[in-house]
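Undergrad: here's my sequence, what's the structure:
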Amino acid sequence: MSKKNKKIEAEDLINKEETLNEGDTQVENTDENTSETQEQSEETSKESEGDTEENETPESVEEWKDKYIRLYAEFENYKKRTLKEKAELILNGSEKTITAVLPILDDFERAIADKTEDAGAIKEGFELIFKKFIKTLEGLGVSKIETQDADFNVDYHEAIAMVPGMGDEKKGKIIDCVQTGYTLNDKVIRHAKVAVGQ
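TA: Predicted structure coming up:
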């Protein structure tokens, strides 16, 4: 290889090294620029946070305080109103029932005021009042618990007597109902007192 060619290769190598060095410098400058930009953005965000804190102090704190006081007052009024409604419900909750029963009371007053001596007419009058009373109770959601030829069920019946010697077909069955039971909207309010076959 000639000296001229060696010289050209050496110059090329030097040029390449210079180019690489310039690239490294540019990368270093870019890194420096990036870190400077990050520092500036952090400072800007800190300044904006400081501005926000300064802006919130006098007027917005008063505004939030006013909102809190109003909300608290509304909640207190709601609690008082709810307690008053509950108290009224406890005191006057039976108003619907009493209003439904009052016409039957009127019928009883008319029956007592009647001076008839006819036992058949008196009995018929009381039967009509009784039927009206049963119909009124059904309208209020009260139902009679059926016991005739029914199996004994502890959810609806209360056994007050066990009757022996009734045979296998009557075992566990209701023989007699001593006191009628009732449900109110499918909830037992009084169990039927029954005698059960043993």
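Undergrad: please count neighbours and contacts with C-alpha atoms only from this point.
TA: Will do.
Undergrad: point out where the protein drops to low pLDDT.
TA: The model of the chain has pLDDT under 70 over residues 1-56.
Undergrad: now the helices for it?
TA: Assignment of helices within the chain using DSSP state H yields the ranges 3-55, 61-92, 95-113, 119-139.
Undergrad: first-to-last residue distance for stretch 183-198?
TA: This stretch, stretch 183-198, spans 26 Å end to end (Cα to Cα, to the nearest Å).
Undergrad: from the chain's centre, how far out does that stretch sit?
TA: Averaging C-alpha positions (Cα atoms, centre = their mean, to the nearest Å) puts stretch 183-198 31 Å from its chain's average.
Undergrad: break the protein into its domains for me.
TA: For the chain, the structural domains run 73-140, 141-197, going by the TED database.
Undergrad: in TSV, list those domains along with mean neighbour count.
TA: Output for the domains of the chain, formatted as TSV (neighbours: other Cα atoms under 10 Å):
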stretch	mean neighbour count
domain 73-140	12
domain 141-197	16
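Undergrad: what's the closest of the ones you listed to Glu63?
TA: Closest of the domains of the chain to Glu63 is domain 73-140, at 15.5 Å (criterion: Cα to Cα).
Undergrad: now do the end-to-end distance for that closest one.
TA: First residue to last in domain 73-140 (Cα to Cα) measures 40 Å.
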